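everything below, folded, please.
(one chain, ligands or ions: 2)
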Amino acid sequence: MSVDWEEARELAYAAGRAAAGAAEPVALPDADGRTLAEPLRALTDLPAFPTSSIDGWAVRGPKPWRPVGRVLAGHVAPPLTDDGTCVEIATGAMVPVGAEALVRVEASTRDGDGLVSGEPRNGYVPEWRQPGEEAHKDEELLPVGTAIDPAVIGVAATCGYESLNVYPRPRAGLLVFGDELLTGGTPGAGRVRDSLGPQVPGWLRRLGASIDASAVAGPVQDTLDAHLTALREALSKSELVCTTGGTMHGPVDHLHPTLTELGAEYLVNTVAVRPGFPMLLARVPGPDGRPRFLAGLPGNPQSAVIALITLVSPLLAGLQGRPAPRLATVELTGEVRGRGGDTHLALARLDHDGRSATPVGHVGSAMLRGLSNAHGFVVVRPGTEAAAGDLVPFLPLPLVTGERP
Ligand SMILES: Nc1nc2c(c(=O)[nH]1)N[C@H]1C(S)=C(S)[C@@H](COP(=O)(O)OP(=O)(O)OC[C@H]3O[C@@H](n4cnc5c(N)ncnc54)[C@H](O)[C@@H]3O)O[C@H]1N2
Ligand code: MOO
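Numbering: from 1, shown residues only. Ligands and ions are numbered 1, 2, ... in the order given. Next comes the predicted model:
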């Protein structure tokens, strides 16, 4: 029943990809974080006209030149028709037809008759930008599947787009299971604080899903009825519902019976990975015909995060029309034991240039201390051991710039 860890990631990605929503147009300022559903193409040559890079003079023929006008940015320049003439030109202005060179204002002089002299600069960077220098009309600048960031929005605006066709942002919900969980105060007397309800939404957002406070519920009472009601409700609102706990078969673990009641189809049911093996991913048909997904994250908190980045990360990449997440390769600075026939994911911290990884402490699956100090997981594949100096795959946590400097 357990699938290989790499295969589980591939299955989750393929399921998400097959269920990606239809493209929708969004206004440029709202496109941040979304994904291009069609290639971004230049709508004109870029720049669209010959553009001055300097403040100075556009000149024709030999000096001195007689000024015959001025062209500012935003205007169409009349042609320069006669040798020995020039126009005053501003940075960003259209260079007139007939201009042969640009002279910087600080490299120019004017005599008593107002005639201009000076030398055009023969620098490495030309003083004006030619049409098509950055892109030709219809050229593909970015492919389908590109994650939209502020620079992508900027280049789209430069091209002349008002909106972009993007994939929908998947909506997610979260149900926390476990009667032993406290939602406030300090742990004790057999009870622990719920550390997943407050944590999982942040990871889901970093993976591209939207989730608001109303989509987080729990602790859901440890009965089959309560589980069924909560899951039906959550699946009616979100494409992806994550649950925490109850993935095993203990006396109050109701997730599997609930999935059976819902007629869910298992895509992954346990993964050959440590920690985190009881994780699962299931699919149920939604009322609109599009599938809904349920990711069962194990109750041990670190295992839940491993399930998020093993199954939910590729699923959400697929649902958003993005490429499958890839693993980096890093050099290990210390030993990491293998886990027999399972993949071992070992929390590690990257050094400043991101090239080597050092295992961290406090990495028990019930602990979060190691996780809060790590950049991700070193991957030790089944039947292997990893030693200092080995090059190993690295699965990063979806941290954003500035987190864990
Ligand atoms: N007989 C066996 N028992 C267990 C096995 C096994 O192979 N055979 N595997 C263990 C492993 S590994 C894991 S992981 C857990 C997974 O169990 P569940 O997903 O059913 O999770 P729970 O039993 O509900 O909880 C496990 C553990 O985690 C704590 N927990 C749960 N939710 C939260 C939360 N939101 N915040 C903080 N802590 C949470 C819970 O109190 C338990 O201590 O099964 C093992 N058992
Ligand atoms: O698989 Mo459990 O998830 O090791 O703690």
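
look up which residues are beta-bridged to the residue most central in space within the chain.
In the chain, the residue lying closest to the centroid (CA atoms, centre = their mean) is A147, at 5.6 Å. A147 has these beta-bridge partners by DSSP bridges: T35.

and the nearest residue to M279 once chain neighbours are set aside, how many neighbours?
Nearest non-adjacent residue to M279, counting by CB to CB, 6 or more residues apart in numbering: A307, 3.6 Å away. Any C-beta I mention is one placed from the backbone N, CA and C, and that applies to glycine too. Look at A307: counted by other CB atoms under 10 Å, it has 30 neighbours.

run through the bridge partners of F177.
Assigned bridge partners for F177, using DSSP bridges, are V220.

quickly note the distance from it to ligand 2.
15 Å (CB to the nearest ligand atom, to the nearest Å).

correct me, but that residue touches T247?
No - if you go by CB atoms under 8 Å, F177 and T247 don't touch, sitting 9.1 Å apart.

still on that earlier bit, what residues does the one helix or strand the residue nearest to M279 maps to touch?
Assessed by DSSP states H and E, A307 sits inside helix 301-307. For helix 301-307, the surrounding residues in contact (CB atoms under 8 Å, 6 or more residues apart in numbering) are 195-196, 199-200, 203, 244, 273, 275-279, 295-298, 345, 347, 363-368, 370-371, 377, 397.

C-alpha coordinates for the next helix or strand after that helix, CSV please?
As assigned by DSSP H and E, the chain's next helix or strand after helix 301-307 is helix 313-319. Extracted C-alpha coordinates of helix 313-319, given in CSV (Å, rounded to 0.1, in the frame of the first residue of the first chain):
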residue,chain,number,x,y,z
SER,A,313,3.3,21.1,-2.3
PRO,A,314,3.3,19.2,-5.7
LEU,A,315,-0.5,19.0,-5.6
LEU,A,316,-0.8,22.8,-5.3
ALA,A,317,1.9,23.3,-7.9
GLY,A,318,-0.2,21.2,-10.3
LEU,A,319,-3.5,22.9,-9.5
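
which residues touch helix 313-319?
With CB under 8 Å, 6+ apart as the test, helix 313-319 has contacts from 9-10, 12-21, 167, 170, 204, 207-209, 239-240, 281, 293, 295, 323-325, 398.

next step: those restricted to helices.
Among the contacts of helix 313-319, the residues falling in helices (DSSP state H) are 9-10, 12-18, 204.

can I get these in TSV including neighbour count and pLDDT?
Putting those into TSV (neighbours: other CB atoms under 10 Å; pLDDT from 0 to 100) gives the following:
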residue	neighbour count	pLDDT
R9	25	98
E10	14	98
A12	27	98
Y13	22	98
A14	15	98
A15	22	98
G16	29	98
R17	18	97
A18	11	96
L204	27	98
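
look up which residues are beta-bridged to the residue nearest to R169 when sequence neighbours are not counted.
Nearest in space to R169, with sequence neighbours left out and distances taken as CB to CB, 6+ apart, is S210 at 5.0 Å. Note on S210: beta-bridge partners R171, judged by DSSP bridges.

would you mind confirming that S210 is in contact with A172?
Yes - counting by CB under 8 Å, S210 does reach A172; the two are 6.9 Å apart.

of the two, who's got more company?
The neighbour comparison of S210 against A172 (other CB under 10 Å) goes to A172, with 29 against 15.

what about the residue nearest to the more buried one when sequence neighbours are not counted, distance to Y124?
Nearest residue to A172, sequence neighbours excluded (CB to CB, 6+ apart): A209, at 3.9 Å. Here the criterion is CB to CB, to the nearest Å. By it, A209 lies 47 Å from Y124.

those two: which has the busier surroundings?
Higher neighbour count among A209 and Y124: A209, with 24 against 5, using other CB under 10 Å.
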